[in-house]
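Colleague: With the input below, show me the fold.
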Amino acid sequence: MVNDLGGLMEQLYDVVFFGLQPDKDSAKVAQAIATAFGIPLDKAEALLKQPSGALIKKNVPATTAEQFQTRLTNAGVKANYKPSASSATKLELVPMKEKETVSQCPACNKPVENDDNGERPLICPHCHIVFAKFEQNRQRYEEEKQIRERLERMQHIQSAEQERKRQQEEEETRKKNLEENIRKQLGLAKVINTPTGLISSATLLLFLGLGLGVVVSKLFLSEPQQLPPSDAAPALAAAGGLDLETLASTANQIAAAQTAAGAGADAGAGPESPASDASIAAAVADATAAADAENGAAPPDESPAAAQQLAQDATQTVTETPSAPPPLGISPAQDLEWDAYLLSQVQTSVAQDALAQATRLAVQINDIPMRYQAQIDIVLGYQRLGQRSAADALLNSTLQNIATTPSLMRRIELATDLVPQLVRANQPILAASALAAIDPWLNAIQAPGELAQAWARKAWAEAWLGFTQDSNISLQRAVATLSDPMSATARIQAMSQLAAALFQGDARADAENILAQARTLAEDIESPQARNEALASLARTWVQGGDLPRAVDMAQGLSAAQRDAVLLDVLQQQALGGQSFGLASVAEMIATPVAQARAYAMLGRTSADARIGEAHFQHAESISGRLKDEALMQVLLLGEIARYRSRVSGQADFTTAEARLQGLVDDPRQEQGWELLMLNAARARDLAAAQRYLAQIKTPRVAARARGELAQVQQALAAMPGGS
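Modeller: Take a look at the predicted model:
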């Protein structure tokens with residue numbers, strides 16, 4: 001339709017956006033705009049991101065322009081309208097937009113006839129609500145809901161802080177009792193505290209005599225000449241505990257092996273020169289400065305040997321860094337929650353003395369550290385039942401499996417990870433056997449960066465066992481190696497291990513100083529990838545030291561994607577480990593919707609308060625709702641949320657995820673969605689739903705893969721307590 005072609009064309013106007021009104025909240029304004037114009041919230045938010053002066057409506061009559069300005073102003077936006085520059089000179093045939101004749105009441109959902117201008121009346125003729133007041137009340141309800149959720153999260157944080165303090169007190173008591181029990185088993189006198197730490201080996205010689213002093217000081221010290229675990233473990237385990245008589249009977253067997261590794265083997269690094277005589281942090285600074293000075297005089301890239309060493313360090317670092325999980329997915333080999341659930345079922349089976357069943361279930365765990373943790377739980381089960389030969393055999397088998405790992409440093413990490421678990425179970429003899437296994441691997445390491453890490457890792461394990469003097473010696477060796485040429489990334493990883501050992505040895509000030517030095521080194525790394533890797537390593541060390549705020553602060557220096565990945569990993573590890581304090585704040589700092597939704601789902605999964613846990617689940621679902629353009633990822637998240645809920649309630653409900661997936665008609669991604677939903681349902685122990693979803697997959701390759709995944713889950717479920 002054209003307005004009076006024979007006369008003047010009607011003047012048209014442009015509506016112009018000039019930004020938010022002062023003191024207006026953008027989120028509330030976006031919601032008001034969405035309500036006023038009946039548009040999606042994301043479009044309203046996009047409008048607010050327009051620059052000042054942007055045209056948001058062009059070539060409209062004066063009445064329409066005035067209506068637009070009024071609605072925008074009432075919503076909290078600065079807007080105006082001006083004559084369109086093209087309307088007076090350009091005559092076009094423009095189809096008139098049909099006016100909407102019917103609206104829908106938001107309260108009773110009945111149709112409401114609009115006026116001649118297409119505007120909805122002020123009051124619903126059916127339920128008699130005032131539309132403006134109804135929208136105002138709904139907006140107020142949403143605000144109250146947000147405030148309530150925030151206060152509930154604050155309440156959860158306060159409760160978690162009280163729980164953390166209680167756990168800390170219990171942990172201090174446990175450590176004291178553990179140290180006393182270890183010393184009783186080893187036949188040692190009570191600990192004598194000195195200004196520099198525990199009683200030295202030299203003082204111990206005066207109490208027990210020269211021969212026994214050597215045995216006690218060096219029995220579990222990792223030296224190349226020590227008896228191998230396969231020979232030492234059965235004898236030590238059969239003793240049940242080492243008293244003075246047992247030590248005397250074994251002194252002759254060990255003295256000859258220790259003679260070659262006497263005080264002259266490591267001049268200045270023996271028991272008589274504990275690391276506490278000088279600050280470890282100061283020694284690290286000196287070693288690092290010496291390395292920098294040496295590198296300044298002869299840069300590594302000008303020295304063939306040094307360059308070769310740096311290349312070796314860099315290659316090993318890349319090789320040992322776990323690859324990031326795929327953007328989609330839970331895959332059978334990458335699902336921390338599922339592995340943690342399997343581990344809990346292993347522990348239940350062990351508690352019920354069903355050790356054969358626990359063994360079948362342990363091999364289903366894909367996460368390697370968790371699998372070895374499960375095997376140690378079974379070792380402890382045999383030990384509790386008095387079947388010590390079986391316990392020794394399984395421990396030796398576990399260590400032999402670890403020995404097949406290609407990376408020497410990874411072997412040392414996996415073996416020393418067993419030490420805390422055995423110490424907590426009051427099994428210091430078995431823990432010492434696990435520690436002794438790392439000797440040949442440590443001695444075979446050539447790369448200075450890995451060698452420094454290995455000695456620091458050994459010091460950490462020795463601190464767990466209460467071998468303070470031995471731990472100091474290992475720390476000194478690690479510090480000495482830091483002066484050798486190595487990449488900045490390798491040096492920072494070694495310093496992280498040193499700090500972890502010092503945290504465990506209650507030398508917190510030194511640990512914090514070392515981490516501060518390492519952060520300075522990391523921030524000077526030019527390569528973004530290497531810098532991110534170094535900062536991520538330091539963040540995890542702060543977590544290990546029990547300082548979550550500093551870990552989060554360290555992660556802030558990472559790239560956005562890497563930061564969210566590290567924060568999510570830390571949150572999941574802490575939550576599944578029973579450490580919930582501060583994790584809600586960590587979840588709030590995650591910016592990526594997918595990672596944040598997973599974070600809140602994990603908080604719901606591990607929350608001790610069912611009410612707060614359900615609030616976390618609802619928040620995770622709300623975040624997943626933002627992924628409307630990423631349907632497959634939304635299906636994955638909804639499936640994970642349903643699975644996590646099933647751990648709490650015992651019932652799995654995949655209705656929401658299933659409905660979202662059914663909307664992907666003729667979408668090639670739909671079958672992948674059914675596969676993901678099938679795997680989540682199976683791991684929620686809802687096999688009937690899993691079979692239904694499997695039947696939806698028609699592509700032979702995808703169906704075969706899904707059947708294999710389902711069969712593996714069914715095998716694990718059959719090995720669980722109460723499984724069939």
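
Colleague: what's the residue nearest to the spatial centre of the chain sitting at in phi/psi?
Modeller: By C-alpha atoms, centre = their mean, the chain has its centre lying nearest to Asp569, at 1.4 Å. Per-residue torsions, Asp569: phi -60, psi -50 (degrees, to the nearest 10).

Colleague: Same check on Tyr13?
Modeller: Dihedral pair for Tyr13: phi -130, psi 160, per degrees, to the nearest 10.

Colleague: my guess is it contacts Ala62, does it?
Modeller: Yes - counting by C-beta atoms under 8 Å, Tyr13 does reach Ala62; the two are 5.7 Å apart. Glycine gets a C-beta too; all of them are placed from N, C-alpha and C.

Colleague: Mind checking which of these two has more residues around it?
Modeller: Each of Tyr13 and Ala62 has its neighbours counted (other C-beta atoms under 10 Å); Tyr13 has more, 23 against 13.

Colleague: Quick check: pLDDT value at the more buried one.
Modeller: Listed pLDDT for Tyr13 reads 85.

Colleague: What residues does it make contact with?
Modeller: With contact taken as C-beta atoms under 8 Å, 6 or more residues apart in numbering, Tyr13 is in contact with Asn59, Val60, Pro61, Ala62, Thr64, Ala65, Tyr81, Lys82, Pro83, Ser84, Ser87.

Colleague: Could you list every helix and strand in contact with the helix or strand the first one falls within?
Modeller: To tie it back to what came earlier, the one meant is Asn59. Element membership for Asn59 (DSSP states H and E) is strand 54-60. With contacts taken as 3 or more C-beta pairs under 8 Å, 6 or more residues apart in numbering; DSSP states H and E, strand 54-60 sits against strand 13-20, helix 62-75.

Colleague: Could you measure from Ile438 over to Ala354?
Modeller: Ile438 sits 32 Å away from Ala354, going by C-beta to C-beta, to the nearest Å.

Colleague: And the two? Which one has more around it.
Modeller: Comparing Ile438 with Ala354 by other C-beta under 10 Å, the one with more neighbours is Ile438, at 25 against 17.

Colleague: my read: the more buried one touches Ile412, true?
Modeller: Yes - using C-beta under 8 Å, Ile438 is in contact with Ile412, at 4.8 Å.

Colleague: and for those two, which residues touch both?
Modeller: Common contacts of Ile438 and Ile412 (C-beta under 8 Å, 6+ apart): Ala454, Lys458.

Colleague: Am I right that Thr348 is in contact with Gly723?
Modeller: No - the criterion here is C-beta under 8 Å, and Thr348 misses it with Gly723 at 11.2 Å.

Colleague: follow-up on the earlier one: what does the strand holding Asn59 contact?
Modeller: Residues from elsewhere that reach strand 54-60 (C-beta under 8 Å, 6+ apart): 12-17, 47, 50, 64-65, 68, 79, 81, 84, 86-87, 94.

Colleague: Below-threshold pLDDT in the stretch 551-700 of the chain: ranges please.
Modeller: For the stretch 551-700 of the chain, no stretch has pLDDT under 70.

Colleague: Now with 90, please.
Modeller: For the stretch 551-700 of the chain, the stretches with pLDDT under 90 are 551-595, 607-611, 613, 623-636, 649-653, 657-673.

Colleague: and the closest residue to Gln715 other than its chain neighbours, how many neighbours does it have?
Modeller: Distances taken as C-beta to C-beta, 6 or more residues apart in numbering place Gln364 nearest to Gln715, at 6.8 Å, with adjacent residues excluded. As a burial measure, Gln364 scores 21 neighbours (other C-beta under 10 Å).

Colleague: Need phi/psi at Gln364.
Modeller: Backbone torsions of Gln364, given as degrees, to the nearest 10, read phi -80, psi -10.

Colleague: That one contacts Leu342, doesn't it?
Modeller: Yes - using C-beta under 8 Å, Gln364 is in contact with Leu342, at 5.7 Å.

Colleague: where do the contact lists of these two overlap?
Modeller: Common neighbours of Gln364 and Leu342 (C-beta under 8 Å, 6+ apart) are Ala716.

Colleague: Strands along this protein, start to end?
Modeller: Applying DSSP state E to the chain gives strands spanning 13-20, 54-60, 77-83, 102-104, 111-113.

Colleague: one step back: between strand 13-20 and the strand holding Asn59, find me the angle.
Modeller: On the basis of axes from the mean of the first three to the mean of the last three C-alpha atoms, to 10 degrees, strand 54-60 is oriented at 160 degrees to strand 13-20.

Colleague: pLDDT of strand 54-60, averaged?
Modeller: Mean predicted confidence for strand 54-60 is 85.

Colleague: still on that earlier bit, find residues that contact each of Tyr13 and Ala62.
Modeller: Common neighbours of Tyr13 and Ala62 (criterion: C-beta under 8 Å, 6+ apart): Tyr81.

Colleague: With just CA atoms, put stretch 377-397 into PDB.
Modeller: Provided in PDB are the C-alpha atoms of stretch 377-397 (Å, rounded to 0.1, in the frame of the first residue of the first chain):
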ATOM      1  CA  ASP A 377      41.600 -50.400  49.200                       C
ATOM      2  CA  ILE A 378      41.500 -54.100  48.300                       C
ATOM      3  CA  VAL A 379      45.000 -54.600  49.700                       C
ATOM      4  CA  LEU A 380      43.800 -53.000  53.000                       C
ATOM      5  CA  GLY A 381      40.800 -55.400  52.900                       C
ATOM      6  CA  TYR A 382      43.100 -58.400  52.800                       C
ATOM      7  CA  GLN A 383      45.300 -56.900  55.500                       C
ATOM      8  CA  ARG A 384      42.200 -56.400  57.700                       C
ATOM      9  CA  LEU A 385      41.200 -60.000  57.200                       C
ATOM     10  CA  GLY A 386      44.600 -61.200  58.200                       C
ATOM     11  CA  GLN A 387      45.500 -62.400  54.700                       C
ATOM     12  CA  ARG A 388      48.800 -60.700  54.600                       C
ATOM     13  CA  SER A 389      50.300 -62.800  51.800                       C
ATOM     14  CA  ALA A 390      47.400 -61.800  49.600                       C
ATOM     15  CA  ALA A 391      47.900 -58.200  50.600                       C
ATOM     16  CA  ASP A 392      51.600 -58.300  49.800                       C
ATOM     17  CA  ALA A 393      51.000 -60.100  46.500                       C
ATOM     18  CA  LEU A 394      48.400 -57.500  45.400                       C
ATOM     19  CA  LEU A 395      50.600 -54.600  46.400                       C
ATOM     20  CA  ASN A 396      53.600 -56.000  44.500                       C
ATOM     21  CA  SER A 397      51.300 -56.600  41.500                       C
END
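
Colleague: got the buried residues for that stretch?
Modeller: Using 16 or more other C-beta atoms under 10 Å as the burial criterion, the residues of stretch 377-397 that qualify are 377-383, 388, 390-392, 394-396.
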